[in-house]
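Student: sequence and predicted structure, then a few things I'm wondering about:
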Amino acid sequence: MSQYSYSVTCTECGAVDEGQVDEMTAAFAMEDHCDRCRQCGSQRVRSSWAMPRISEATLTRWSREASLSFLSQDEDIVLSEADGELLLACADHPQTLPEKRLTLARAICVRIHDGLTSEEDDRQQEARLAAAALRARPQLLDALAVDSYIGRVVAPWLHRAFDEASGQFVPE
Ligand SMILES: [Zn+2]
């Protein structure tokens with residue numbers, strides 16, 4: 001089983017805590033794990049840890065537990081770096097929670113945006129295929145809201161208009 005390194009250095013007492021954790025802990029629990037000194041309890045610490053690439057195992061677990069998050073902010077951007085097919089398969093899975101399904105759809109939109117604005121042909125091609133996959137899931141699109149900079153670029157490829165006020169893709 002893969003192990004991931006972390007390091008916490010206390011700026012109060014100087015204690016250094018270094019070690020390794022498993023994939024699930026590295027994916028979901030490091031902000032809590034590394035937020036204080038285990039020696040003196042101070043929260044004035046410098047922490048670093050290795051983030052595992054999102055795997056089928058961590059994505060599946062995340063998709064079924066409301067309390068789990070990969071990062072407290074910008075989760076859709078973190079997710080967008082995962083494999084596109086994996087994101088779509090998870091969005092389709094019947095056991096995926098509805099709010100996680102929307103987060104996955106937002107992450108796919110980030111991927112589409114990044115692909116369409118990329119110089120690389122294969123990334124543009126992947127983005128067009130991902131847009132077609134979302135077009136085939138109108139119920140998901142109806143419920144989705146995204147940031148404006150994403151929506152403006154992605155909407156034409158979804159064959160929808162983008163409503164700036166709500167962040168939603170509306171049928172043309
Ligand atoms: Zn300390």
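Tutor: Cool, the structure landed.

Student: going forward, measure contacts and count neighbours with C-alpha atoms only.
Tutor: Noted.

Student: could you measure from the residue nearest the centre of the chain over to the ion?
Tutor: Of all residues in the chain, the one closest to the mean position by Cα atoms, centre = their mean is residue 79, 2.2 Å from it. Noted for residue 79: a distance of 33 Å to the ion, by Cα to the ion, to the nearest Å.

Student: can you check the pLDDT for residue 72?
Tutor: Per-residue confidence (pLDDT) for residue 72: 62.

Student: mind listing what the residue nearest to the centre of the chain touches?
Tutor: Contacts for residue 79 (Cα atoms under 8 Å, 6 or more residues apart in numbering) come out as 54, 87, 104, 107.

Student: if you average the pLDDT over the particular helix or strand that has the last one in it, what comes out?
Tutor: Put plainly, it is residue 107. In the assignment (DSSP states H and E), residue 107 maps to helix 98-116. Computed over helix 98-116, the mean pLDDT rounds to 96.

Student: now the next helix-or-strand element following that helix: buried residues?
Tutor: Toward the C-terminal end, the helix or strand that comes next after helix 98-116 (DSSP H and E) is helix 121-135. Buried positions in helix 121-135, judged by neighbour count with 16 or more other Cα atoms under 10 Å: 123-124, 126-128, 130-131, 134-135.

Student: ok, back up a step: what is the helix holding residue 107 packed up against?
Tutor: With contacts taken as 3 or more Cα pairs under 8 Å, 6 or more residues apart in numbering; DSSP states H and E, helix 98-116 sits against helix 56-64, helix 75-79, helix 84-92, helix 121-135, helix 138-143, helix 148-154.

Student: and these as a markdown table, adding distance to residue 4 and mean pLDDT?
Tutor: Listed next are those as a markdown table, based on distance: least, Cα to Cα, whole Å; pLDDT from 0 to 100:
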| stretch | distance to residue 4 | mean pLDDT |
| --- | --- | --- |
| helix 56-64 | 14 | 96 |
| helix 75-79 | 18 | 87 |
| helix 84-92 | 22 | 96 |
| helix 121-135 | 29 | 96 |
| helix 138-143 | 35 | 94 |
| helix 148-154 | 32 | 97 |
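
Student: dump the ones you listed into CSV; add distance to residue 33 as well.
Tutor: Below are these laid out as CSV (distance: least, Cα to Cα, whole Å):
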stretch, distance to residue 33
helix 56-64, 18
helix 75-79, 19
helix 84-92, 27
helix 121-135, 36
helix 138-143, 35
helix 148-154, 33
